[in-house]
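J.: sequence and predicted model, in that order:
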Amino acid sequence: MNNGRSPAIRATGLRKSYGDKIVLDGVDIAVPEATIFSLLGPNGAGKTTTVQILSTLIAADGGEIRVGGYDPAAEPDAVRSVIGVTGQFAAVDELLTGRENLHLMGDLHHLPRRRTRELAQELLARFELTDAGDKPASTYSGGMTRRLDLAMTLVGDPRIIFLDEPTTGLDPRSRRTMWDIIGGLVHDYGVTVFLTTQYLEEADRLADRIAVLDQGRIVAEGTSAELKRLVPGGHIRVQFADAAGLRAAAGVFGAAARPLTDELTLAVPGDGGLGSLRAVLDRIDSHGLPAEGLSVHTPDLDDVFLTLTGTPTADKEPVR
């Protein structure tokens, strides 16, 4: 569902082949404005190919596409005017300082020199690069380089940003800093983010909606919570103050429910949706069970990904 927002990106029946190899086989994508959409898939699933098509780098073999309201095939310059693209390989000139890289982007976008200087200062501060702003980019860490690369993308004031595995290779601290920055893009700038990632935790934390791409097709799409409910193993945990309450509940819920080891908790099978929660609460109330608390346990995105694709997440597919 799109929460009433217009689609910033829409693709219907997207197809792409290289010789006999079908990379995208009828992919449908709709990304509402001012949201973060994540595309997950195993190695070679077609994630990077999708980004390359949507960002005008390569042509699709078939399908209808609109990015920012424009057709990438018929109106590539119009699409490029409203998008920014950042990948795992930064487009930073290491011979220049961070500030000079930002000034260069301002010149490329034909911004007035004064505005370029102001914007560079604002972006250096926002991306925690003020102290390093006048140092050569060659001295930057991997995380600093990624932040500068993303800051350079914002100089063009894009409405839509494609992030193709932007945190690959970063240490956990740098990755979390990038997550904070990416989340702020929607909140502070109102941009739409199309994110591909090999980190399920990244999609879980950032994305409003997630699509799982496997063998050229979307095999599932939804919020993180919706996807987790697709996988068996979810249950509702009912806590009790003493063993007597736990035994009484076990008798009410039957053999399908199981006490958790070393806990005064009964695990009742359920997908965590409102229907299953209501059913558990109704049974607790009707039998007068002395429940102390209730919580929902669902499989994580790793379980979802493995179940849907049959493979764990892997490294980035080769760029074609």
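T.: Nice, I can see it. Residues are numbered from 1 along each chain as shown.

J.: what segments of the stretch 151-300 of the chain are helices?
T.: Under the criterion DSSP state H, counting those that start in this stretch, the stretch 151-300 of the chain contains helices at 172-184, 200-206, 224-228, 243-253, 274-287.

J.: want to throw the ones you listed into a markdown table with mean pLDDT and mean neighbour count?
T.: From N, CA and C alone the C-beta is placed, and that goes for glycine too. Converted to a markdown table, these look like this (pLDDT from 0 to 100; neighbours: other Cβ atoms under 10 Å):
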| stretch | mean pLDDT | mean neighbour count |
| --- | --- | --- |
| helix 172-184 | 92 | 16 |
| helix 200-206 | 90 | 21 |
| helix 224-228 | 86 | 20 |
| helix 243-253 | 91 | 16 |
| helix 274-287 | 90 | 14 |
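
J.: quick one, which of these is nearest to Ser295?
T.: helix 274-287 (10.4 Å; Cβ to Cβ).

J.: which other helices and strands contact that closest one?
T.: strand 235-240, helix 243-253, strand 291-297 (3 or more Cβ pairs under 8 Å, 6 or more residues apart in numbering; DSSP states H and E).

J.: and the one helix or strand in the chain whose mean pLDDT sits lowest, how far out from the chain middle?
T.: Within the chain, no helix or strand scores below helix 301-309, which has a mean of 79 by mean pLDDT, DSSP states H and E. Relative to its parent chain, helix 301-309 has a centroid offset of 15 Å by Cα atoms, centre = their mean, to the nearest Å.

J.: what comes up buried for that helix?
T.: Within helix 301-309, the residues scored as buried using 16 or more other Cβ atoms under 10 Å are 301, 303-309.

J.: returning to that earlier point: in a markdown table: the helices and strands packed on helix 274-287, plus distance to Thr265.
T.: Output for the helices and strands packed on helix 274-287, formatted as a markdown table (distance: least, Cβ to Cβ, whole Å):
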| stretch | distance to Thr265 |
| --- | --- |
| strand 235-240 | 5 |
| helix 243-253 | 8 |
| strand 291-297 | 9 |
